[in-house]
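Asker: Sequence and predicted structure are below.
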Amino acid sequence: NAGVTQTPKFRVLKTGQSMTLLCAQDMNHEYMYWYRQDPGMGLRLIHYSVGEGTTAKGEVPDGYNVSRLKKQNFLLGLESAAPSQTSVYFCASISAGDVSSYEQYFGPGTRLTVT
Amino acid sequence: LAKTTQPISMDSYEGQEVNITCSHNNIATNDYITWYQQFPSQGPRFIIQGYKTKVTNEVASLFIPADRKSSTLSLPRVSLSDTAVYYCLVGPTGGGNKLTFGTGTQLKVEL
């Protein structure tokens, strides 16, 4: 079991460039999440998905788009990167069956720098 | 989601017991209290979760008083490897619910 994996681990973009971050989980979880973490701060929810083909906005969705075409994958896209999007991005997942748990499983993170 | 307040930082020495308290005055009836741990350059990791009284696992204990307006994470005999940021979260359980992370408590353990 690899758990939650994220690709790439590091990336440097120029302002205006686009890119897609990939999150994959092999635990058959229904729910998946994308967070960003800025230096010295907690995680903030960008977008999330409660199942294949569905997505919803989180706390800070502007400038990002997501897709969940397959249950195991959750993609985060930046159409036109801005320096304010320099951050560490974490993906997480949880099973819908965990109705009595708050235990999300997190990936290792993607460190993105926009110059 | 209930707002939480916890100390920004704490220092300790190896072998000591560390208690981190979290205040959540507006906790709702269906809210649970959950603690996560985050090491540098890693994603958060679930530590423990509880609703009331005391919960213990192999990593930590969680103490919740009867009014549930606060909770205390207790780490027995910490080591250098326990140096991390600890987050207290309060909210309803269930996979569809969203986590709200505050700034957490930076615990530094020294020799």
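Answerer: Perfect, I can see it now.

Asker: For chain B, which residue gets nearest to chain A?
Answerer: The nearest approach of chain B to chain A comes at B:G43, 2.9 Å away (CB to the nearest CB). Just so you know, the C-beta spots here come from the backbone N, C-alpha and C atoms, and that holds for glycine as well.

Asker: Name all residues that make contact with the residue lying closest to that residue once chain neighbours are set aside.
Answerer: Nearest residue to B:G43, sequence neighbours excluded (CB to CB, 6 or more residues apart in numbering or on different chains): A:F106, at 2.9 Å. The contact partners of A:F106, by CB atoms under 8 Å, 6 or more residues apart in numbering or on different chains, come to A:V4, A:F90, A:C91, A:A92, B:Q42, B:G43, B:P44, B:R45.

Asker: For A:F106, name its beta-bridge partners.
Answerer: Going by DSSP bridges, A:F106 is paired in beta bridges with A:A92.

Asker: Which pLDDT value does the model give the residue of chain A found nearest chain B?
Answerer: Residue nearest to chain B within chain A (CB to the nearest CB): A:F106, separated by 2.9 Å. On the pLDDT scale, A:F106 is placed at 94.

Asker: okay but A:L22 is in contact with A:K9, surely?
Answerer: No - A:L22 lies out of contact with A:K9 (CB atoms under 8 Å); the separation is 11.3 Å.

Asker: before we move on, the earlier item: sec struct for the residue of chain B closest to chain A, please.
Answerer: coil (DSSP: H, G, I helix; E, B strand; the rest coil).

Asker: How much space separates B:A28 from B:P92?
Answerer: Look at B:A28 and B:P92: by CB to CB, to the nearest Å, they are 8 Å apart.

Asker: ok, the two, which is more surrounded?
Answerer: B:P92 (16 against 12; other CB atoms under 10 Å in any protein chain shown).

Asker: Skip the chain neighbours and tell me the closest residue to the more buried one.
Answerer: B:P92 sits nearest to B:N30 (CB to CB, 6+ apart), 4.9 Å away.

Asker: Then B:G15?
Answerer: B:R77 (5.4 Å).

Asker: which stretches of chain B have low pLDDT?
Answerer: Applying pLDDT under 70 to chain B flags the ranges B:1-2, B:93-97.

Asker: dump the residue contacts of the residue nearest the centre of it.
Answerer: Taking CA atoms, centre = their mean, the centroid of chain B lies closest to B:W35, which sits 3.5 Å from it. Going by CB under 8 Å, 6+ apart, B:W35 touches B:C22, B:F46, B:I47, B:I48, B:Q49, B:A60, B:L62, B:L73, B:Y86, B:Y87, B:C88, B:L89.

Asker: for A:Y64, same thing?
Answerer: A:W34, A:I46, A:H47, A:L76, A:G77, A:L78.

Asker: More neighbours: which of A:L22 and A:K9?
Answerer: Neighbours were counted for A:L22 and for A:K9 using other CB under 10 Å; A:L22 has more, 15 against 12.

Asker: Who are the contact partners of the residue nearest to that one when sequence neighbours are not counted?
Answerer: Computed as CB to CB, 6+ apart, the closest residue to A:L22 that is not its neighbour in sequence is A:T7, at 4.5 Å. Contact partners of A:T7, counting by CB under 8 Å, 6+ apart, are A:L21, A:L22, A:A24, A:T110.
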